[in-house]
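Visitor: predicted model and sequence below, questions to follow.
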Amino acid sequence: MTWAFEHANGVRVSVRALMSRLVLSLAMLCNCGTATGHEVQPAIADIVVTDEQVTIDIEIALEAPLVGIDLEGLTDTNESELADAYDAMRALGPAELEAKLREGWPRLRTLIVLRAGDTALTPDLGTVTVPEVGDITWVRPSIIQLVAPLPDDGTPVVFGWHPSLGALVLRQQGVDDGYTGYLIGGALSDPIPRGAGGARAAADVALAYVVAGFDHIIPKGLDHILFVLGLFFFALKWGPILWQVTAFTVAHTITLGLATLGIITIPDSSMWLVEALIALSIVYVAVENVLRPEMGWVRPAVVFGFGLLHGLGFASVLGDFGLPAGQFLLALLSFNVGVELGQLAVILLGFLAVILARGLADVADLDDEEALVRDLPVIYRGVSLVGSLVIAVIGAYWFVERIGLLP
């Protein structure tokens with residue numbers, strides 16, 4: 001049986017071929033693996049620079065660098081050829097993992113850049129804190145301490161590392177207006193003065209947090225990408241899209257701000273529930289696209305409620321990054337701007353997918369611009385149905401996984 005849509009002008013759109021191709025494309029795009037235990041997260045480093053020495057406490061999942069996974073551009077460790085070795089190392093006890101670290105430290109130390117002025121510094125590995133083995137499907141961040149004496153010339157400190165170690169959030173501690181940076185691609189910090197704050201210029205802070213917010217949507221925020229696509233697949237008209245996106249934006253901005261200010265606090269032990277509800281929100285909007293694609297006050301209200309949940313997810317990421325004390329509001333607004341730009345990019349990709357589907361569909365006069373305009377609503381409905389079904393399946397899988405019903 002060949003499914004097809006037909007509109008008043010008699011143009012028939014074959015959906016069987018379109019469905020198979022679209023499902024394959026979405027599956028390749030979504031890479032439907034877990035977004036919890038194997039998602040690559042930036043390391044977080046707290047740096048203290050005194051007149052005599054520099055001390056850096058780094059929260060990092062040690063297993064990836066120890067097995068040699070190159071994290072540059074990687075969003076999920078399951079994509080690496082070394083994924084099995086990575087998972088096996090997660091099962092090591094604290095003493096065993098620390099021993100592996102100290103054994104491999106001479107190699108790892110060569111990937112770290114630490115200098116005072118033009119003087120290269122060689123940090124020593126100090127204390128290492130490795131949590132006990134828990135659920136190995138979740139990331140186990142350890143804390144390592146690096147210490148290096150400083151030369152007697154008062155020069156500022158620069159820190160960074162090789163891009164293969166992934167992104168790095170660097171936060172200066174113990175001073176007012178300390179330096180805060182989000183370093184990717186092997187970028188180095190700005191010079192951090194001794195015993196004083198190294199806060200960056202406002203433009204640099206704004207750009208860094210816009211990039212961080214966008215990066216959390218594309219490529220790292222697959223659950224948020226699918227939710228926004230679910231909003232797009234509801235209706236092709238600009239009115240419903242704008243109503244939904246506005247409701248979602250206002251809602252997640254509220255909870256992002258409240259959580260960042262500490263007015264709302266979600267314990268780390270409860271974040272699994274937030275993540276599970278986010279997955280459920282993806283299922284809801286996708287199923288409603290199929291069963292009841294009619295705009296009313298209920299849809300924006302429901303999207304607003306789900307937006308509050310997504311804001312808590314954004315806040316957990318921003319909480320890891322930290323916000324510079326003297327530039328708190330600027331960094332918060334910039335991060336949110338980056339998130340909104342990421343969402344707009346997702347909607348643009350949705351429009352491009354519809355146009356691409358127009359080219360794949362079984363219709364005549366593919367080069368006819370009038371036919372393109374005429375057929376888009378029909379093509380869009382087919383893409384919406386197929387895309388929403390795929391999104392619902394992925395969201396349902398994540399929900400079952402996040403509430404612990406999958407091994």
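Guide: On my side now, so go ahead.
Visitor: so where's the chain shaky on pLDDT?
Guide: Where the chain drops to pLDDT under 70, the residues are 1-38, 137, 199-200, 236, 320-322, 325-326, 358-376, 407.
Visitor: what are the boundaries of the helices in it?
Guide: 16-30, 63-67, 83-90, 94-109, 202-217, 222-232, 238-260, 271-291, 298-321, 328-360, 369-402 (DSSP state H).
Visitor: so which of those helices is the most packed in?
Guide: helix 222-232 (a mean of 25; mean count of other C-beta atoms under 10 Å). For glycine as for every other residue, the C-beta is placed from the backbone atoms N, C-alpha and C.
Visitor: hmm, back to that, JSON lines for the helices of the chain, including distance to V157?
Guide: Output for the helices of the chain, formatted as JSON lines (distance: least, C-beta to C-beta, whole Å):
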{"stretch": "helix 16-30", "distance to V157": "42"}
{"stretch": "helix 63-67", "distance to V157": "22"}
{"stretch": "helix 83-90", "distance to V157": "31"}
{"stretch": "helix 94-109", "distance to V157": "17"}
{"stretch": "helix 202-217", "distance to V157": "18"}
{"stretch": "helix 222-232", "distance to V157": "36"}
{"stretch": "helix 238-260", "distance to V157": "28"}
{"stretch": "helix 271-291", "distance to V157": "33"}
{"stretch": "helix 298-321", "distance to V157": "20"}
{"stretch": "helix 328-360", "distance to V157": "22"}
{"stretch": "helix 369-402", "distance to V157": "41"}
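Visitor: which among those helices is found nearest to L168?
Guide: Closest to L168 of the helices of the chain is helix 298-321 (C-beta to C-beta; 10.6 Å).
Visitor: show me what the closest one packs onto, helices and strands only.
Guide: With contacts defined as 3 or more C-beta pairs under 8 Å, 6 or more residues apart in numbering; DSSP states H and E, helix 298-321 has these neighbours: helix 202-217, helix 222-232, helix 238-260, helix 271-291, helix 328-360.
Visitor: now do that helix: distance to the chain's middle.
Guide: 14 Å (C-alpha atoms, centre = their mean, to the nearest Å).
Visitor: and the angle from that helix to helix 202-217?
Guide: Per axes from the mean of the first three to the mean of the last three C-alpha atoms, to 10 degrees, the angle that helix 298-321 makes with helix 202-217 is 120 degrees.
Visitor: pretty sure V317 is touching Y209, no?
Guide: No: look at V317 against Y209 with C-beta atoms under 8 Å: they stay out of range, at 11.4 Å.
Visitor: out of the helices and strands packed on helix 298-321, which gets nearest to A85?
Guide: Among the helices and strands packed on helix 298-321, the nearest to A85 by C-beta to C-beta is helix 222-232 (24.3 Å).
Visitor: distance between that closest one and the chain's centre?
Guide: Distance of helix 222-232 from the chain centroid (C-alpha atoms, centre = their mean) equals 13 Å.
Visitor: for stretch 176-187, same thing?
Guide: 18 Å.
Visitor: what's in contact with it?
Guide: 42, 47, 72, 160-163, 167-172, 189-190, 192, 197-200, 205, 208-209, 211-212, 215, 321-326, 331 (C-beta atoms under 8 Å, 6 or more residues apart in numbering).
Visitor: filter those residues down to the buried ones, ChimeraX style.
Guide: In ChimeraX, a selection of the buried entries from the contacts of stretch 176-187 looks like this (16 or more other C-beta atoms under 10 Å):
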select :42,47,160,161,162,163,167,168,169,170,171,172,189,190,192,197,198,199,200,205,208,209,211,212,215,321,322,323,324,326,331
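Visitor: in strands, which of the contacts of stretch 176-187 fall?
Guide: 47, 160-161, 168-172 (DSSP state E).
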